[in-house]
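# fold the following for me, if possible:
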Amino acid sequence: MAARVLIIEDDPDVGSLEETLLRQAEYDTRWVLTGEAGLATAAAFHPDVVVLDVGLPDRSGLDVCAKLAESLDAFILMVSGHTREEDKLKGLGLGADDYITKPFSASEFVARVAAFLRRRDRNRAQSTVSELACGDAILERNRQVLGRDGATAFLTALEFKLLWFLAESEGRLLTRAQILEHVWNDVSGVPTRVVDVHVAALRKKIAEVGAALQINSVRGIGYRLDVVVAAQP
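Model (predicted):
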C-alpha cells in the first residue's frame, strides 16, 4: 500500500508543486487549502505524513499542528517562509517533526518526506512491546499515555517516544545529540533546544499523574530520568 501524504497549503503554486512531486514519488496524496479542511481530511484519510503550511487563510497553521499532533499518529512537516529559530521552535514544540523553509528544492522536499517514512518503518519494527514500567507509572503504547493509579496523561507521539527512550535508559545521562538521533532521527534543521521544549511538556504531564519520576538536566549536556525514592520516616 502506498504511503499516504496530506498537504495543507493555500498557495496554489506551492500546493500544486508539492502534490506533483509526491505523486511522482508514488505516494497517495491529498491536497486541501484550509486548516479546517485539513483537520477533517486527516480524520478520514489517516495520513502517514502531513505537509502543513504555517500561514493558512482560516486559522493558524500552528494551531492546526497542535490539534493534529494530539489526534493523529503521523509525521508533520511544517512549511513556512520564516527562518528564525524561534519560529521553528514554536512549530516543533507543538508537535511538528521537521520544518522546511520556502523556497525549497524539489529533491530536499521529497527527501524529508521519505526520511519520515523510513522512520515509520523502523518504529513499527521496534514497536513489539506494548507497555513499559516507568517508576511507579506505566507507559502504554497502544493508547500513547502515561498512567498511574487511574490517573492518565495523554502524550503526543514525540513526547511518548522521548519518555520511552528516557525510561529505557533510566538513571543514565543522555546527551541532546543522542536524543535527537533516537527520537527525531537527527533531522536536518531541528534545533537542539526543541528537546528542552518537549522535556518541559513531559515534566508537566508527569506531575499531572503524580508519578515518582524526575527528568533531571545536566547543563550543556542533556537529560536523565530518575525514579524519586520516598524518604524513610
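
# partner residues bridging Val49?
Assessed by DSSP bridges, Val49 has beta-bridge partners Val5, Phe75.

# how many neighbouring residues does Gln24 have?
Counted by other CB atoms under 10 Å, the residues lying close to Gln24 total 11. Any C-beta I mention is one placed from the backbone N, CA and C, and that applies to glycine too.

# confidence score at it?
pLDDT for Gln24: 95.

# what pLDDT does Phe109 get?
Phe109 is given a pLDDT of 93.

# what do you get for Cys65?
Per-residue pLDDT puts Cys65 at 92.

# residue contacts, the closest residue to it other than its chain neighbours?
Closest residue to Cys65 apart from its sequence neighbours, by CB to CB, 6 or more residues apart in numbering: Leu94 at 4.9 Å. Taking CB atoms under 8 Å, 6 or more residues apart in numbering as the criterion, Leu94 is in contact with Leu62, Cys65, Ala66, Ala69.

# distance of the last one relative to Leu158?
Put plainly, it is Ala69. Between Ala69 and Leu158 the distance, using CB to CB, to the nearest Å, works out to 8 Å.

# over to Glu168?
16 Å.

# distance of Asn216 from Gly150?
Taking CB to CB, one finds Asn216 at 27 Å from Gly150.

# neighbour count winner among the two?
Taking neighbours as other CB under 10 Å, Asn216 and Gly150 compare with Asn216 leading, 11 against 6.

# my read: the more buried one touches Val228, true?
No - the criterion here is CB atoms under 8 Å, and Asn216 misses it with Val228 at 10.3 Å.

# which parts of the protein are helices?
Taking DSSP state H as the criterion, the chain carries its helices at 12-24, 35-45, 61-71, 85-93, 106-126, 157-168, 176-183, 193-209.

# between those, which gets nearest to Asp136?
Checking those against Asp136 by CB to CB gives helix 193-209 as the closest, at 9.5 Å.

# show me which residues of that closest one are buried.
By neighbour count on 16 or more other CB atoms under 10 Å, the buried set for helix 193-209 is Val194, Val195, Val197, His198, Val199, Ala201, Leu202, Lys205, Ile206, Val209.

# ok, those residues vs Lys90, which is closest?
The shortest approach to Lys90 among the buried residues of helix 193-209 belongs to Val197, at 9.0 Å (CB to CB).

# what's the closest non-adjacent residue to that closest one?
Leaving aside its chain neighbours, Val197 sits nearest to Gly93 (3.9 Å; criterion: CB to CB, 6+ apart).

# how many neighbours does that neighbour have?
Neighbours of Gly93 (other CB under 10 Å): 19.

# check His46 too.
Neighbours of His46 under the rule other CB under 10 Å: 12.

# ok, the spatially closest residue to it that is not a sequence neighbour to Arg30 distance?
Closest residue in space to His46, ignoring its immediate chain neighbours: Arg4 at 6.7 Å, by CB to CB, 6+ apart. Arg4 sits at a distance of 8 Å from Arg30 (criterion: CB to CB).

# overlap of the contact sets of these two?
By CB under 8 Å, 6+ apart, Arg4 and Arg30 have these common neighbours: Phe45, Pro47.

# relative to helix 193-209, how tilted is the helix or strand of the chain with the lowest mean pLDDT?
For the chain, using mean pLDDT, DSSP states H and E, the weakest element among its helices and strands is helix 85-93, scoring a mean of 74. Per axes from the mean of the first three to the mean of the last three CA atoms, to 10 degrees, the angle that helix 85-93 makes with helix 193-209 is 40 degrees.
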